[in-house]
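*Asks:* what follows is a predicted structure for the sequence shown.
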Amino acid sequence: MISRFVAQLHRTFSALEVPNFRLFVYGQSISLVGTWMQTVAQSWLVYTLTRSSTALGAVVAIQTLPVLLLGPYAGVIADRTDKRRLMVVLQTFMGLQALVLGILAITHVVRFWEVCVLAAALGLNNTFENPARQSFVLEMVGRDNVRNAVSLNSTMVNAARAVGPAVAGVIIATAGVGACFLLNAVSFVTVVYSLVSMNKGALKPSPPASRAKGQLREGLSYVAHEPGLGVPLLMMALVGTLAYEFQVSLPVLAKETFHGNAETYGFLTAAMGIGAVMGGLFTATRGKTGLRPCTVGAAMFGVAILFAAVTPVLGVEYLAMALVGWGSVSFLATGNSTLQMTAAPSMRGRVMALWAVAFMGSTPIGGPAIGWVIAAAGARVGLGVGGISCLVATGIGAVAISRLKARKPSPPVTSVTSVDIGTGPAVAP
């Protein structure tokens, strides 16, 4: 029994045996708590300044608009450059953005348009940092550990979501939103230190892509001709547009639906984070890659959101948000690792940039749309729209699986292909 438990534990945390990844996790875990504190504080600041769900959606849209406009090009830059160095520069600028917003907030001179400008600056940094960070995971741990590392990374993000919002709710109630921004600025010191302290000799960098015309178009064409990449990206685009707008829906759900305050909002987000941690650890241990697991993850996510949309009691809503978190991380981690395993090394930065466009770049459309729905019909309906979008994505995945099965020749295929519709990782040639 003990030996089985130890073996299970080893499988769950196997990527942490890589020293560079372990250092990366230490730095990111502290910084991400600060990031979630800022996310909650920014949403609450905007809502207290404007009392408008439409304004909430607008700020989220402004922050993610650079991803939509420049995301594919950011993937080209990630494929061309040293990803670790690029991350050091961009993480430093993110810390400075948080510092400026914190100073404006604690001096009580912050205006809505200033929040918008700083949100746009943060979004520009995220646009170029995200594909570099996503594809850097494989360079730290290698192909054998990438699924485990992606799942653990998602778990870390959501553990921070469990801690950061709850802490933010207390800090906002006692010290104000400005303190959250300042603490986030300080947290970036840890992630920059972890990056500059890595053993560069132990990294396995992908060969940098040489400068050439048409690299952006080449990446788009590559994804369009690989169902194992294109279908998960299409599913993520739909879900990212309408389901991942919790920064818009949860503040209104907390204040208007359940008549709560910043702490209520923080605990709703924290409950989602706790569920995501549990789901992330499960995915790290037993998770699979491929189109079928992505489709199952989308279905779980959609059902959980619909449950959260109809729950009448706040205590049960916390449980519902925990289930939402579980479904969220299952879908995200499965889709992310599927793309990383399927994409060719020279294309990985561009593929992961398109994943970021589908996930975050869709928010300039979805954020205002869900904000408008909430303003017209309430937070519950806004959540319901997101749940339905997940079920539509499930249908897309199911149709794709069926069509790929129909194309399969009847004799078993022994060679490895770049399309996976089942449970194992697909490997690009």
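*Replies:* In hand now; what should we look at?
*Asks:* where does pLDDT dip in this protein?
*Replies:* Of all residues in the chain, those with pLDDT under 70 make up the ranges 1-10, 158, 161-162, 207-216, 287, 361, 408-429.
*Asks:* quick one: the strands in it, in order.
*Replies:* Assigned by DSSP state E, the strands in the chain number zero.
*Asks:* quick check, distance from the lengthiest helix in it to the centre of its chain.
*Replies:* Longest helix of the chain, by residue count under DSSP state H: helix 19-50. Centre-to-centre, helix 19-50 and its host chain are 12 Å apart (CA atoms, centre = their mean, to the nearest Å).
*Asks:* for that helix, buried residues please.
*Replies:* 20-21, 23-47 (16 or more other CB atoms under 10 Å). C-betas here are computed from N, CA, C, even on glycine.
*Asks:* and stretch 257-275, by the same measure?
*Replies:* 257-258, 260, 262-275.
*Asks:* which residues sit against that stretch?
*Replies:* Here stretch 257-275 makes contact (CB atoms under 8 Å, 6 or more residues apart in numbering) with 36, 40, 43-44, 158-170, 172-173, 246, 250-251, 253-255, 314, 317-319, 321-326, 328, 378-380.
*Asks:* let's see 6 Å
*Replies:* Outside stretch 257-275, the residues that touch it by CB atoms under 6 Å, 6 or more residues apart in numbering are 40, 44, 158, 161-162, 165-166, 168-169, 172-173, 250-251, 254, 314, 318, 321-326, 379.
*Asks:* narrow those residues to those in helices?
*Replies:* 40, 44, 158, 161-162, 165-166, 168-169, 172-173, 250-251, 314, 318, 321-326, 379.
*Asks:* pull out the buried residues from those residues.
*Replies:* Neighbour-count burial (16+ other CB under 10 Å) is assigned, among the ones in helices among the contacts of stretch 257-275, to 40, 44, 158, 161-162, 165-166, 168-169, 172, 250-251, 314, 318, 321-326, 379.
*Asks:* wait, residue 219 sits on residue 350?
*Replies:* Yes: using CB atoms under 6 Å, residue 219 is in contact with residue 350, at 3.4 Å.
*Asks:* which of these two has more neighbours?
*Replies:* Higher neighbour count among residue 219 and residue 350: residue 350, with 30 against 24, using other CB atoms under 10 Å.
*Asks:* for the more buried one, give its distance to residue 75.
*Replies:* Note on residue 350: its distance to residue 75, by CB to CB, to the nearest Å, is 4 Å.
*Asks:* before we move on, back to that, from the buried residues of stretch 257-275, which land in helices?
*Replies:* Short answer: the buried residues of stretch 257-275 in helices (DSSP H) are 262-275.
*Asks:* now, among those, which is nearest to residue 305?
*Replies:* The shortest gap between residue 305 and any of these belongs to residue 272, at 10.5 Å (CB to CB).
*Asks:* can you map out the helices along the stretch 1-150 of the chain?
*Replies:* Assigned by DSSP state H, counting those that start in this stretch, the stretch 1-150 of the chain shows helices spanning 2-12, 19-50, 53-80, 83-106, 112-141, 146-174.
*Asks:* return the distance of the last one from the chain's centre.
*Replies:* For helix 146-174, the distance from its own C-alpha centre to the chain's C-alpha centre is 11 Å (CA atoms, centre = their mean).
*Asks:* which strands or helices does that helix pack on?
*Replies:* When contacts are defined as 3 or more CB pairs under 6 Å, 6 or more residues apart in numbering; DSSP states H and E, helix 146-174 packs onto helix 19-50, helix 112-141, helix 177-196, helix 262-286, helix 314-342.
*Asks:* relative to helix 112-141, how tilted is the last one?
*Replies:* Following axes from the mean of the first three to the mean of the last three CA atoms, to 10 degrees, one obtains 50 degrees for the angle between helix 314-342 and helix 112-141.
*Asks:* what's the answer for the first one, then?
*Replies:* In terms of direction (the same axes, to 10 degrees), helix 19-50 departs from helix 112-141 by 170 degrees.
*Asks:* tilt between helix 19-50 and helix 177-196?
*Replies:* Put simply, helix 19-50 runs at 160 degrees to helix 177-196, going by the same axes, to 10 degrees.
*Asks:* do the same with the second one
*Replies:* Computed by the same axes, to 10 degrees, the angle separating helix 112-141 from helix 177-196 equals 30 degrees.
*Asks:* so which bits of helix 112-141 are buried?
*Replies:* Neighbour counts using 16+ other CB under 10 Å place 115-116, 118-141 of helix 112-141 among the buried residues.
*Asks:* and if you look at stretch 54-61?
*Replies:* 55-61.
*Asks:* alpha carbons of that stretch, in PDB - could you do that?
*Replies:* Presented in PDB, the C-alpha positions along stretch 54-61 are these (Å, rounded to 0.1, in the frame of the first residue of the first chain):
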ATOM      1  CA  THR A  54     -20.300  46.900 -19.200                       C
ATOM      2  CA  ALA A  55     -17.200  48.800 -18.000                       C
ATOM      3  CA  LEU A  56     -15.900  45.600 -16.400                       C
ATOM      4  CA  GLY A  57     -16.200  43.900 -19.700                       C
ATOM      5  CA  ALA A  58     -14.600  46.900 -21.500                       C
ATOM      6  CA  VAL A  59     -11.500  46.800 -19.300                       C
ATOM      7  CA  VAL A  60     -11.000  43.100 -19.700                       C
ATOM      8  CA  ALA A  61     -11.400  43.600 -23.400                       C
END
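*Asks:* show residues contacting that stretch.
*Replies:* Contacts of stretch 54-61 (CB under 6 Å, 6+ apart): 46-47, 116, 119, 247-248, 363-364, 367-368, 371, 375.
*Asks:* distance from the chain centre to that stretch, please.
*Replies:* Per CA atoms, centre = their mean, the centroid offset for stretch 54-61 relative to its chain is 18 Å.
*Asks:* now stretch 303-312
*Replies:* With CA atoms, centre = their mean as the basis, stretch 303-312 stands 21 Å off its chain's centre.
*Asks:* distance to residue 301 for the helices and strands packed on helix 146-174 - can I get that in CSV?
*Replies:* As requested, these are arranged in CSV below (distance: least, CB to CB, whole Å):
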stretch, distance to residue 301
helix 19-50, 19
helix 112-141, 20
helix 177-196, 28
helix 262-286, 10
helix 314-342, 3
